[in-house]
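Visitor: Build me a model from this:
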Amino acid sequence: MTTAYEDVPFSELLHHPAATARRLDAVRALRLRRRDASDLALIRADQLAQDSTVVDFTARLLAALVRTENTAALRQALPDALPWSVFLPEDDVEAMLGELVDTARGAAALENLAPIALLLTQWRHSAEIYADPTLHAALTREPDGDLGPALSPETRAPSEPQTR
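Guide: Numbering: from 1, shown residues only. Purely as a prediction, here's the structure:
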């Protein structure tokens, strides 16, 4: 295989399914571009199984490093794996590593990487806040004065927009 994936229009899969699927002999996956929805990925089942094996191994290795209290190795490697982590305070790095290990193990067991991606996105946003002193100050300062009582949804004025 020469490249990780190739972009193809979703319609190509619909109009030429066999020829499109054969393209997986040359690439790891196909990214199926759609106009009005999120793109899809087409991947061979054996490639998906290999990816799952690697994720499971990585999660178990990460958990073992933490369990054996070899966090020094993890901390040393973290800026290479997640360059934005350098903006997190030490306590947050510890918290992130613990959450990452637990989440990776659970996600590998479920064969669902979405929780890991969500966790990394959340921590990245935290790092973005720490990296911007103005934003950090705005989000962490105490409010000026009393903000008044919180109204229950039943007592909210009809003209106030409903938020979720």
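Visitor: mind listing what Phe10 touches?
Guide: By Cβ atoms under 8 Å, 6 or more residues apart in numbering, the contact set of Phe10 is 32-34, 40. From N, CA and C alone the C-beta is placed, and that goes for glycine too.
Visitor: And the contacts of the longest helix along the chain?
Guide: Determined from DSSP state H, the single longest helix within the chain is helix 45-67. Identification of contacts with helix 45-67 by Cβ under 8 Å, 6+ apart yields 24, 28-29, 43, 71, 73-74, 97-98, 100-101, 104-105, 107-108, 111, 113.
Visitor: One more: stretch 32-42?
Guide: 5, 7-10, 12-13, 20-21, 24, 29-31.
Visitor: taking those residues one by one, which sit in helices?
Guide: Those of the contacts of stretch 32-42 lying in helices (DSSP H): 10, 12-13, 20-21.
Visitor: List just the nearest of these to Asp146.
Guide: Distance to Asp146 across these (Cβ to Cβ) is lowest for Phe10, with 54.6 Å.
Visitor: If you count neighbours, what's buried in stretch 54-73?
Guide: 55-56, 59, 62-63, 65-66 (16 or more other Cβ atoms under 10 Å).
Visitor: Which of the three states applies to the closest residue to Leu30 other than its chain neighbours?
Guide: Nearest residue to Leu30, sequence neighbours excluded (Cβ to Cβ, 6 or more residues apart in numbering): Leu42, at 4.3 Å. Under DSSP: H, G, I helix; E, B strand; the rest coil, the three-state class of Leu42 is strand.
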